[in-house]
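J.: Here is a sequence together with a model predicted from it:
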Amino acid sequence: MGLRLALFALFIALAPAFVSAQGANVAFGTIAQDTSLPVEVTSEELSVDQQTGTAIFSGNVVIGQGEMRLSAQRVLVVYRADADGIAKMEATGGVTLVSGPDAAEAQRADYSIDDGTIVMQGSVLLAQGASALSADTMTIHLKDGTARMSGNVRTRLQTGADK
């Protein structure tokens with residue numbers, strides 16, 4: 001029993017180094033992307049540029065679609081050329097993304113609606129219950145609810161009840 005415990009402790013100690021070198025695939029959120037749901041945005045300011053097909057929301061921006069919520073200080077929304085919906089969003093400044101029980105923070109998030117991907121960059125922190133992972137970049141694939149973390153990946157796994 002002592003050897004198994006020692007090997008487990010060694011694995012936990014070495015896991016962050018292994019994950020750092022290889023990157024990590026993780027589950028993210030409990031929802032699949034549904035672009036048919038309405039997008040609700042609140043902010044302190046809005047600036048629209050008809051010529052470029054963009055809108056800039058700034059100041060305590062909160063964007064919701066279904067169960068997914070994104071908050072940031074500034075969000076650039078780029079509309080499709082045919083003005084039929086949103087092509088992408090670029091969020092900067094204290095970005096937080098919440099989907100079901102999972103929450104991620106970063107300096108920046110780029111959301112490609114058509115691809116169904118969100119790329120979060122800059123001091124990414126992912127909290128999943130009592131466990132946490134950090135990395136330089138996290139790419140979330142909303143269609144299947146998976147994410148890949150890369151660059152200086154570190155993890156803190158909660159293996160039992162806190163005492």
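T.: It's in.

J.: Which strand in the protein has the most residues?
T.: strand 86-99 (DSSP state E).

J.: So which elements touch the helix or strand just after that strand?
T.: Per DSSP states H and E, the first helix or strand lying C-terminal to strand 86-99 is strand 102-112. In terms of contacts (3 or more CB pairs under 8 Å, 6 or more residues apart in numbering; DSSP states H and E), strand 102-112 is packed against strand 68-79, strand 86-99, strand 117-128, strand 131-141. In short, each C-beta sits where N, CA and C put it, glycine included.

J.: could you dump those strands to TSV with mean pLDDT?
T.: As requested, the helices and strands packed on strand 102-112 are exported to TSV (pLDDT from 0 to 100):
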stretch	mean pLDDT
strand 68-79	94
strand 86-99	93
strand 117-128	93
strand 131-141	91
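
J.: got CSV for the ones you listed, with distance to Q107 too?
T.: Shown next, in CSV, are those (distance: least, CB to CB, whole Å):
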stretch, distance to Q107
strand 68-79, 10
strand 86-99, 7
strand 117-128, 3
strand 131-141, 10
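
J.: With mean neighbour count and distance to G59 added, can I get the ones you listed in CSV?
T.: Shown next, in CSV, are these (neighbours: other CB atoms under 10 Å; distance: least, CB to CB, whole Å):
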stretch, mean neighbour count, distance to G59
strand 68-79, 19, 7
strand 86-99, 19, 10
strand 117-128, 20, 20
strand 131-141, 20, 25
